[in-house]
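>>> can't give you the sequence, but here's the structure:
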């Protein structure tokens with residue numbers, strides 16, 4: 001038996017998922033889906049979402065502008081007040097904006113967002129790669145990109161000030177609109193499928209360039225929060241899994257589906273994260289020092305798993321060792337999983353526990369190499385990040401933790417509460433995250449002497465047990481499948 005397919009990739013050195021042992025393949029699919037084409041469609045839609053969110057986030061500062069001069073421009077203070085509602089007066093009935101004004105607003109928004117460039121970037125998915133040719137026939141993907149005029153709403157306030165030293169009341173307006181991105185592809189039965197992606201855009205407009213600069217600073221501070229409060233970026237087991245004790249269950253974060261819902265729940269519900277985000281505002285001088293963030297409507301628009309501790313490709317792909325012998329995982333996979341090997345004192349819990357020698361010895365070599373390799377890649381990754389000094393003692397201590405995976409998310413619907421009556425929804429914001437097991441320093445210890453090693457051992461053993469249960473191997477004690 002020369003090929004083990006992806007079984008070792010799932011339950012080998014580190015189990016790819018603590019909950020779905022047989023979830024082989026790059027991307028999980030929704031319930032009821034199972035074909036390779038359906039997987040490709042899911043990946044295709046995810047790629048489009050990624051291109052769109054990157055396009056938005058790369059243009060963050062373009063969405064925060066000074067009010068235009070004169071009275072006829074749709075983004076002048078005069079027109080914004082005529083077409084919007086005054087939140088200071090707690091108005092709630094939006095005035096009807098005439099068709100000419102709606103057209104002018106839409107045209108200006110399209111220019112600011114550079115929608116032609118967005119369409120070209122989406123179409124490049126097809127023209128610059130053959131990965132999705134069966135879905136696109138190497139043709140254009142985008143059918144139409146336009147703003148939904150019925151979604152355009154304008155709010156404003158005149159009760160903010162630049163600072164305590166300059167208490168003059170200033171004007172700030174938010175113009176909200178939904179962008180309709182219509183695209184098409186060939187479906188499972190070769191039928192033409194039309195889909196729509198509708199991200200929201202918020203344009204913030206003020207008569208003070210200082211206010212605009214402060215808003216831009218807020219975006220920058222959030223997106224570079226990897227060099228600030230640990231609650232914002234540098235997580236560990238207790239961040240996502242409290243009060244669950246078993247650290248090995250963290251490896252379910254390797255599953256795309258599980259990772260997405262855990263990230264969504266964390267950003268929306270974790271009070272410590274919200275408090276840490278608010279601390280960014282507290283440390284700023286000026287208008288928004290006393291403002292707060294609300295995350296009850298926040299959504300993970302897209303997410304990217306940048307890197308993780310994983311088995312080497314050679315271990316995943318082949319069932320034989322380089323010398324032609326049987327792989328050490330043969331016995332624990334296809335015969336009774338005996339836990340009668342050496343006794344080891346694990347970090348947590350402290351008592352001595354017997355292990356399966358084949359799994360333990362393999363992990364003690366391979367896993368340590370993979371952890372060290374991942375840590376080097378993580379340091380290289382953050383060395384390229386703005387305002388991150390990998391030689392700074394505090395930053396170095398974060399990089400040296402028992403980290404095992406990291407990624408980024410595009411968040412939308414973060415609400416900034418400016419005053420008691422006035423709040424705005426920020427545009428898409430990218431945030432980094434790094435996940436460690438315990439947060440303690442990784443010193444290349446034997447796997448039983450570190451939290452990450454302990455978690456990897458028990459996760460691998462549990463994964464093999466689930467593999468045997470699903471394939472009905474548990475009753476074949478002592479047998480070896482040829």
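That came through, no problem. Because the structure is predicted, anything quoted here is derived from the model rather than measured.
>>> How many neighbouring residues does residue 466 have?
If you count neighbours by other C-beta atoms under 10 Å, residue 466 ends up with 19. Placement of C-beta: from N, CA and C, glycine included.
>>> Kindly report the same for the one 3 residues further on.
Counted with other C-beta under 10 Å, the burial measure for residue 469 works out to 11 neighbours.
>>> I believe it is in a strand; please confirm or correct that.
No - if the criterion is DSSP: H, G, I helix; E, B strand; the rest coil, then residue 469 is helix and not within a strand.
>>> ok, it to residue 254 distance?
For residue 469, the distance to residue 254 equals 20 Å [C-beta to C-beta, to the nearest Å].
>>> correct me, but residue 279 touches residue 229?
Yes - at 6.1 Å, residue 279 and residue 229 qualify as touching, with contact defined as C-beta atoms under 8 Å.
>>> What ranges does the stretch 301-450 of the chain have for its helices?
For the stretch 301-450 of the chain, applying DSSP state H, counting those that start in this stretch gives helices covering 313-317, 330-334, 357-383, 393-399.
>>> Columns mean pLDDT on top of these, output as CSV?
Formatted as CSV, the helices of the stretch 301-450 of the chain follow (pLDDT from 0 to 100):
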stretch, mean pLDDT
helix 313-317, 44
helix 330-334, 68
helix 357-383, 91
helix 393-399, 93
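>>> Let me have those helices in CSV, adding mean neighbour count as columns.
CSV is the format used below for those (neighbours: other C-beta atoms under 10 Å):
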stretch, mean neighbour count
helix 313-317, 14
helix 330-334, 20
helix 357-383, 17
helix 393-399, 14
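>>> Is it possible to get JSON lines of those that adds distance to residue 159?
Compiled in JSON lines, these are given as follows (distance: least, C-beta to C-beta, whole Å):
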{"stretch": "helix 313-317", "distance to residue 159": "60"}
{"stretch": "helix 330-334", "distance to residue 159": "67"}
{"stretch": "helix 357-383", "distance to residue 159": "41"}
{"stretch": "helix 393-399", "distance to residue 159": "39"}
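>>> Figure out which of those is closest to residue 302.
If you check each of those against residue 302 by C-beta to C-beta, helix 357-383 wins as the nearest, at 18.8 Å.
>>> For the closest one, what is the distance to the chain centroid?
Put simply, helix 357-383 sits 23 Å off its chain's centre (C-alpha atoms, centre = their mean, to the nearest Å).
>>> Same check on stretch 117-126?
The answer for stretch 117-126 is 22 Å, by C-alpha atoms, centre = their mean.
>>> And that stretch, what's buried?
Neighbour counts over stretch 117-126 (16 or more other C-beta atoms under 10 Å) mark 118, 119, 121, 122, 123, 125, 126 as buried.
>>> and if you look at stretch 90-104?
Buried residues in stretch 90-104 (16+ other C-beta under 10 Å): 97, 101, 102, 104.
>>> Stretch 227-238 too?
Within stretch 227-238, the residues scored as buried using 16+ other C-beta under 10 Å are 227, 228, 230, 231, 232, 233, 234, 235, 236, 237.
>>> Could you point out which of those residues is nearest to residue 130?
Using C-beta to C-beta, residue 233 comes nearest to residue 130 of the buried residues of stretch 227-238, at 36.4 Å.
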